[in-house]
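K.L.:
Starting from these lines, generate the structure:
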Amino acid sequence: MATTFKTPGVYIREISKFPPSVAQVETAIPAFIGYTEKATKDNVSLTNVPTRITSLLEYEQYFGTADKEKGISVTITDTYNSGQLSRDIVVTDPATKSKFLMYYSLQMFFANGGGACYIISVGDYSGTTPSKSELGASGGLGKLAKEDEPTLIVFPDATGIATVANFYGLYEDALKQCNKLQDRFTIIDTYNQSSTFAETLRTNISLDTSYLKYGAVYYPWLKSTLPYIYNEADVTITHTEVSAPSGTTDYNGKLNDSALIANTELYNQIKTELNKLTVTLPPSAAVAGIYARVDSNRGVWKAPANVGVMQIIGPDKKVTNDEQDGLNLHTSGKSINVIRTFAGRGTLVWGARTLAGNDNEWRYIPVRRFFNMVEESVKKATEQFVFEPNDANTWVKVRAMIENFLTLQWRAGALAGAKQDDAFYVRVGLGQTMTAQDILNGYMHVEIGMAAVRPAEFIVLKFSHKLQKS
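P.N.:
Predicted structure coming up:
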């Protein structure tokens, strides 16, 4: 800024020699859209209000816990033989389980490395079935479109939607939002685990590659170590005694009966068996946590695969190599990533493809998410140049700013190339990316090319016999 000096003296001016910098945006901030026990903060409703939290404790404070399971029954058979007691306790799953899985999903997210996230509560547990209209573009998903920070979209309760068409229609809406905003990615569950689940998914998601590159599907569901949450008054106890000595008493009734609670040993045994009754969940929430863990430990450019899944007993279905062949690669291009158990290695995510699995540019999850991160980071950093003079001085600053940022990404291992020129380029200027007419119209075009690293999905070891020479 020009200054007119009026008083004699010495004046100091600080001259900036450094270009502005690009701040990397967060890459693994999921938005969980679903149903909660409550939705209040300081007596203000949080229904359909995107709310940022950083811990399960904070979630419980604002949104409560799980929908408590009803219809759990326990059958106890005590058999006496020569005065020795043999006890058998059998716990039976409820015939109809709750379709609201948000709380359990948040537990899985944090257990697998998740951190900050957004919760959009679209209602409480008073309904019997999750609704596409409440979860989708006219409800929670629509509210999410107004938020800038979230980078992942997860629907923990979507598998409770009544019809297949509405279920996959919800995910199509999410993919459309990702395509429009270009700063987020959708983690997709399968509607069920039937023998035709893959065909059903590929039939019902009918978008083209420009949308499919923004989502990834995971299969199968996961048997978690999380016990059901229930009210003791809803647990039915049937106690049978065989050849019982005189003076013994049956404890038929409910788990919260005072007579049963007074029998501390039996009560604790029942509680132990009830804790073995665990929840089976769609994998999206656990995968969101894995994305966060891998991004933190390595970087968004590292494939979130060949990493362990925490807080689980194992996959609900076993998938063989032959079965995965048709899931990972398919003529439709709609790849499905599999979670598998390997001897001595545990349960691992064993796939890193987007739904655009046959597309040379966008078939890999880390490539799509890395470009999302760079695009959003550079976009935010260049906003300061809006209305600056569209001349060489500004172009040099913009190019230097972006080059410095990409150099850091290259050094971290996100870009391929032995030297910077092989890893990326940044072009801006008259005769390079702009014409004189562009400048007259107020356009400054910046062209960025990046050689993103891609995962080594197929490692081929070649062996041959060598003739003896000595």
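K.L.:
which residues of the stretch 251-400 of the chain fall in helices?
P.N.:
Counting by DSSP state H, counting those that start in this stretch, the stretch 251-400 of the chain has helices at residues 258-262, 264-274, 284-297, 321-328, 365-382, 392-412.
K.L.:
Single out the most deeply packed of those helices.
P.N.:
Stretch with highest mean neighbour count among the helices of the stretch 251-400 of the chain: helix 284-297 (a mean of 25; mean count of other CB atoms under 10 Å). Just so you know, the C-beta spots here come from the backbone N, C-alpha and C atoms, and that holds for glycine as well.
K.L.:
by how many degrees do that helix and helix 365-382 diverge?
P.N.:
60 degrees (axes from the mean of the first three to the mean of the last three CA atoms, to 10 degrees).
K.L.:
ok, residues contacting helix 284-297?
P.N.:
27-28, 30, 32, 105-106, 108-115, 117, 152, 154-156, 187-189, 218, 222, 302-304, 307, 309-312, 349, 369 (CB atoms under 8 Å, 6 or more residues apart in numbering).
K.L.:
Mind doing that once more with 6 Å?
P.N.:
27-28, 30, 105, 108-109, 112-115, 152, 154, 156, 187, 189, 218, 302, 304, 307, 309 (CB atoms under 6 Å, 6 or more residues apart in numbering).
K.L.:
Identify the residue nearest the one residue sitting closest to the centre of the chain in space, chain neighbours excluded?
P.N.:
Closest residue to the average C-alpha location of the chain: Ala288 at 2.2 Å, with CA atoms, centre = their mean. Counting by CB to CB, 6 or more residues apart in numbering, Ala288 lies nearest to Pro30, which is 4.4 Å off, once chain neighbours are set aside.
K.L.:
dump the residue contacts of that neighbour.
P.N.:
117, 152, 154, 288.
K.L.:
my read: Val242 touches Thr79, true?
P.N.:
Yes: counting by CB atoms under 6 Å, Val242 touches Thr79, with 4.4 Å between them.
K.L.:
can you pull the alpha-carbon coordinates of stretch 111-125 into PDB?
P.N.:
Coordinates of the C-alpha atoms in stretch 111-125 are reproduced here as PDB (Å, rounded to 0.1, in the frame of the first residue of the first chain):
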ATOM      1  CA  ALA A 111     -12.700 -48.600  18.200                       C
ATOM      2  CA  ASN A 112     -11.200 -48.700  14.700                       C
ATOM      3  CA  GLY A 113      -9.400 -45.400  14.900                       C
ATOM      4  CA  GLY A 114     -12.000 -42.800  14.300                       C
ATOM      5  CA  GLY A 115     -11.900 -39.300  15.700                       C
ATOM      6  CA  ALA A 116     -13.900 -36.300  14.900                       C
ATOM      7  CA  CYS A 117     -17.200 -36.900  13.100                       C
ATOM      8  CA  TYR A 118     -20.600 -35.400  12.500                       C
ATOM      9  CA  ILE A 119     -23.900 -36.800  13.700                       C
ATOM     10  CA  ILE A 120     -27.200 -36.000  11.900                       C
ATOM     11  CA  SER A 121     -30.100 -37.400  13.900                       C
ATOM     12  CA  VAL A 122     -33.200 -37.700  11.700                       C
ATOM     13  CA  GLY A 123     -35.400 -39.000  14.400                       C
ATOM     14  CA  ASP A 124     -35.700 -41.300  17.500                       C
ATOM     15  CA  TYR A 125     -36.600 -45.000  17.900                       C
END
